[in-house]
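> Here is my input; please provide its structure:
(2 chains)
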Amino acid sequence: MKTPALFLTLLATATAAFAADPIKLGEYASLTGKEAGFGQTSHHGIILALEEINATGGVLGRPLELAYEDNQTKSGESATAVKKLLSRDKVVALIGEVSSGRSLEAAPIAQAAHIPMVAPAATNPKVTQTGNYIFRVCFIDPFQGTVMAKFAKEDLKAKKVAILSSVSNAYSLGLAKFFKETFVPAGGEVVTEKNFSEGDKDFRAQLTAVKAAGVDAVFVPGYYTESALIVRQARDLGLTMPFFGGDGWEDEQLLKIGGEALNGCYYSTHFSAENTDPVVAGFATKYKARWNGEVPGAFSALGYDAVYVIADAIKRAGTTDGPKLRDALAATKNFPGVSGVTTIDKDRNASKAATIIALHDGKAKFFKTVAP
Amino acid sequence: MSEFLQQLLNGLSLGAIYALIALGYTMVYGVLRFINFAHSDVFMVGAFIGYYIGQKVPQNTIGGGLVVLLGAMLGCALLGMLIERLCYRPLRGAATLNVLITAIGVSLLLEYSGQVFFGATPRTFPSVFPSTNFAFGDLVISSNQVVVIVVTALLMVGLQLIVYRTKIGTAMRAVSLNPKAAQLVGVNNDVVISFTFGLGSALAGAGGILYALNYPSIDPLMGVMPGLKAFVAAVLGGIGNIPGAALGGLLLGTVETFVNGSQWSTYKDAIAFAILIIILLFRPAGLLGKVSVEKV
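Presented below is the predicted three-dimensional model:
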């Protein structure tokens, strides 16, 4: 109930400050449901960026306004949400989603309407391959897979690895594939691969098979709800090796559900609030002040950066017209953000450093950064 | 070999949960001849009642755990009787299809008002019972899994005793056999049916707590998948038959676990349901069900 009220105040302040027509941005996100953590953190980042831009005079003398839709973490809902944003709210650009699967649902619609879409954190390469109107401000899974494969080999010193991936999730299958493509040629061995489905709660069967296979580490490229339960049940079954995953693990719920079981586990992500860089520290302070002490996560930073990248493109294009805005977005170069410097390459992807987080005593600690 | 035994153990503990939920489906069907689709959502409400009571009681104690378990069972029994009074009783005597559609409506009502009241974000269930892991060589079983198996077995025996050894059980069977005749010999049908719903819903409440202890992430849609599987288990064992529900649940859980642990884990639901279809082709009334001829 908090967000619509907030939206209204946002609208009210915007209309009070500006007489000009607002520029409408559309956001679709998993604000509720199983992966609400993804949607809520990115949403908070987006709103913070929007308020900052409006406080300094908006873009082209016009305030930014946000129209947003909740897809409830359900497949199929993102397409409807985006159609609504395009036809009813007439947004000039779309922001979404954190999940690759749901971004892939919305991308063809944005492409067909010639409205640029910027995915804050969808890492599967297929997302931007949908068409020339689809962008992202984060790294892609071939890079993340390579980072984690090298990490497993060099930092964890793992020779034999098991992979548990979600069969109904484009992100999970993609990341598992890219991990193997680096890990196996580097002399590692993927001893066993097991699958689960989104929403599964019992993983003991797969874990028992992993235990029998005898591995040094287990790669779980899933989302936080399943991953936390997997590690918990693994510890119950007496599996003591490290488990590690990708940016899908990024949410405070991971530690709430997983607790002590997650000690000695790792994941890669886009951002760490512990980074001492002054830009990051400044962002973290503003974010905490705005959202009652909530510590910004990777998706907060990426949502925030997505808004600034779009605002910058609108400024350079001098218009909100779809094709011109698209060209301006495609020309984004060395744009400084809180998640790193954004340069959009010819495939409309950004290349940024990955951060590896270590989990210890119920806390997520910065481990290291890997440059692209 | 130890992997096989471990998988068997995993399968039995998963199956015990399916069996526990299936008991509720089968009991209501046994008396009223209709599938109470809201059962799996009462199961979810049970887990949430446990979540809220769980904040108030001391953690990791048997006493606190029992308070949570009984509280959830009581809350769900009341909810079940309320649902019966408000939604099903007015339709008594109407076509089965009407009641069935109402049941689906109640199910959706609970799921989505759950999203309003509890929020759609998953919550972490508190660890109300003390939990440890027992290891026998390579075999590991957690105390929560043992609790599930023991509670399911106890409830099944208790249910069997109530239905076959008590006065209210005799009345339940009489209503099931012929409601009008039961009324003629002095059975108060409303009381019996209300009791059946209360008992079935209390089982769902217990199931919700045990499920949440094993898989401590709860949300308003958590009942959908286990509910579907338990329904299948009830049909597999022969719906309306109490030992059948338990057998069906254990069988489904075990098959699912073995497929999950094999290289065909991608097809786990496909294989589990294919087995169901094959069994029903050969035994249309389920494993322990009796084929009854409908009198026209």
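
> Chain B contacts on the stretch 201-350 of chain A?
Proximity of the stretch 201-350 of chain A to chain B (Cβ under 8 Å from any Cβ of the partner chain) is limited to residues A:201-202, A:204-206, A:208-209, A:211-212, A:225, A:228-229, A:232, A:236-238, A:253, A:256-257. Every C-beta, even on glycine, is put in place using the N, C-alpha and C of the backbone.

> Go again with 7 Å.
Proximity of the stretch 201-350 of chain A to chain B, by Cβ under 7 Å from any Cβ of the partner chain, involves residues A:201-202, A:204-206, A:208-209, A:212, A:225, A:229, A:236-238, A:253, A:256-257.

> Derive a ChimeraX selection command for the buried subset of those residues.
Buried residues within those, by 16 or more other Cβ atoms under 10 Å in any protein chain shown, are selected in ChimeraX with:
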select /A:201,202,204,205,206,208,209,212,225,229,236,237,253,256,257
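
> Strands along chain A, start to end?
Applying DSSP state E to chain A gives strands spanning A:23-29, A:64-70, A:93-95, A:117-119, A:134-136, A:160-166, A:189-196, A:217-219, A:243-245, A:265-269, A:335-337, A:340-342, A:354-360, A:363-370.

> Ok, which of those comes nearest B:Ala103?
strand A:64-70 (28.1 Å; Cβ to Cβ).

> Mind giving me the packing neighbours of that closest one?
On a contact count with 3 or more Cβ pairs under 7 Å, 6 or more residues apart in numbering or on different chains; DSSP states H and E, strand A:64-70 meets strand A:23-29, helix A:36-55, helix A:77-87.

> Kindly export the longest one (C-alpha atoms) in PDB.
Yep, that's helix A:36-55 we're talking about. The C-alpha coordinates for helix A:36-55 follow below in PDB (Å, rounded to 0.1, in the frame of the first residue of the first chain):
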ATOM      1  CA  ALA A  36       9.600  -9.700  -5.100                       C
ATOM      2  CA  GLY A  37      13.000  -8.900  -3.700                       C
ATOM      3  CA  PHE A  38      14.300  -8.300  -7.300                       C
ATOM      4  CA  GLY A  39      11.400  -6.000  -8.200                       C
ATOM      5  CA  GLN A  40      11.300  -4.100  -4.900                       C
ATOM      6  CA  THR A  41      15.000  -3.200  -4.800                       C
ATOM      7  CA  SER A  42      15.200  -2.200  -8.500                       C
ATOM      8  CA  HIS A  43      12.000  -0.200  -8.000                       C
ATOM      9  CA  HIS A  44      13.500   1.700  -5.100                       C
ATOM     10  CA  GLY A  45      16.600   2.500  -7.100                       C
ATOM     11  CA  ILE A  46      14.400   3.800 -10.000                       C
ATOM     12  CA  ILE A  47      12.300   6.000  -7.800                       C
ATOM     13  CA  LEU A  48      15.400   7.500  -6.100                       C
ATOM     14  CA  ALA A  49      17.000   8.400  -9.500                       C
ATOM     15  CA  LEU A  50      13.700   9.900 -10.800                       C
ATOM     16  CA  GLU A  51      13.300  12.100  -7.700                       C
ATOM     17  CA  GLU A  52      16.900  13.300  -8.000                       C
ATOM     18  CA  ILE A  53      16.500  14.100 -11.700                       C
ATOM     19  CA  ASN A  54      13.300  16.000 -11.100                       C
ATOM     20  CA  ALA A  55      14.800  17.900  -8.100                       C
END
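
> May I see the strands of chain A organised as CSV, with mean pLDDT and mean neighbour count added?
Formatted as CSV, the strands of chain A follow (pLDDT from 0 to 100; neighbours: other Cβ atoms under 10 Å in any protein chain shown):
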stretch, mean pLDDT, mean neighbour count
strand A:23-29, 90, 25
strand A:64-70, 89, 21
strand A:93-95, 91, 29
strand A:117-119, 91, 30
strand A:134-136, 90, 27
strand A:160-166, 91, 24
strand A:189-196, 89, 19
strand A:217-219, 92, 26
strand A:243-245, 92, 27
strand A:265-269, 91, 26
strand A:335-337, 85, 17
strand A:340-342, 82, 22
strand A:354-360, 88, 21
strand A:363-370, 84, 15
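
> Next to chain A, which bits of the stretch 1-150 of chain B? Give me the list.
So far as Cβ under 7 Å from any Cβ goes, the stretch 1-150 of chain B lies against chain A at B:3, B:6-7, B:10, B:14, B:115, B:120-122, B:124, B:133, B:135, B:140, B:142.
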